[in-house]
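Engineer: A structural model of the following input is requested.
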Amino acid sequence: MSDRIEIHNLDTDPNAVKLRYKWGCAAMTQDTEGRYVYTGKGNSYMGTCSNPQAVQVGHVIVLIARTDNPNFANSNIWYANVLLNEQDGDTYIKASKVTETGRNHEITISTCTNGVTLLGSAIYSPEDWEQVLSLYQRGALEYQWFDGDSYLTGGGLPLSGLYPHVDRRIALVVVA
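Structural biologist: Alright, predicted model coming up:
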């Protein structure tokens, strides 16, 4: 018996290969996989998802980033409440529920002088986030869970026309 669970990633750049919002960064470079590395200095920030100002209140922004700076563990997504903040070596998973729309929802990288590589991002509706979190907590879903070899690339379906750029679904099949 299997259940089909459809999860819609509303982010248009789940693989983080497009330049994100940044402010005060010392440098931005691309790694060998085409992902951007944002280097902090002074008071600096990087974007967490594509088109952050359009994210609806209640939706969840998830990012996976890599840095060798342990202070990144204390950085949180702005204008959002922390739901998940985990670390595995130099890889961080952060998820936050948006509390204000029309904001950049950036994350502080000021102390990350060796850089932060954004490995991927997602925007989930509250319902889809509950599914993702449940699967992740049960061990049925490992990061990077919102794109990759076993999923379709490119995001999910539009909600109320607010995400017209999205043209694909991510469907997970979980065997019970």
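Engineer: Tell me which stretches of the chain form helices.
Structural biologist: In the chain, the helices defined using DSSP state H lie at 126-137.
Engineer: low-confidence ranges in it?
Structural biologist: Low-confidence segments of the chain (pLDDT under 70): 1-4, 141-176.
Engineer: again, only using 80
Structural biologist: 1-7, 136, 139-176 (pLDDT under 80).
Engineer: Please, where are all the strands along it?
Structural biologist: Secondary structure of the chain by DSSP state E: the strands cover 2-7, 22-23, 27-30, 36-39, 45-46, 60-66, 80-88, 91-98, 107-108, 116-124, 170-175.
Engineer: Does anything pack onto the third one? Which helices or strands?
Structural biologist: In this structure, strand 27-30 packs against strand 36-39, with contacts taken as 3 or more CB pairs under 8 Å, 6 or more residues apart in numbering; DSSP states H and E. Every residue, glycine included, has its C-beta placed from N, CA and C.
Engineer: For the strand it packs on, list the C-alpha coordinates in CSV.
Structural biologist: In CSV, the C-alpha atoms belonging to strand 36-39 read as follows (Å, rounded to 0.1, in the frame of the first residue of the first chain):
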residue,chain,number,x,y,z
TYR,A,36,26.4,31.6,-5.4
VAL,A,37,28.7,32.0,-2.4
TYR,A,38,27.9,35.2,-0.4
THR,A,39,30.7,36.6,1.7
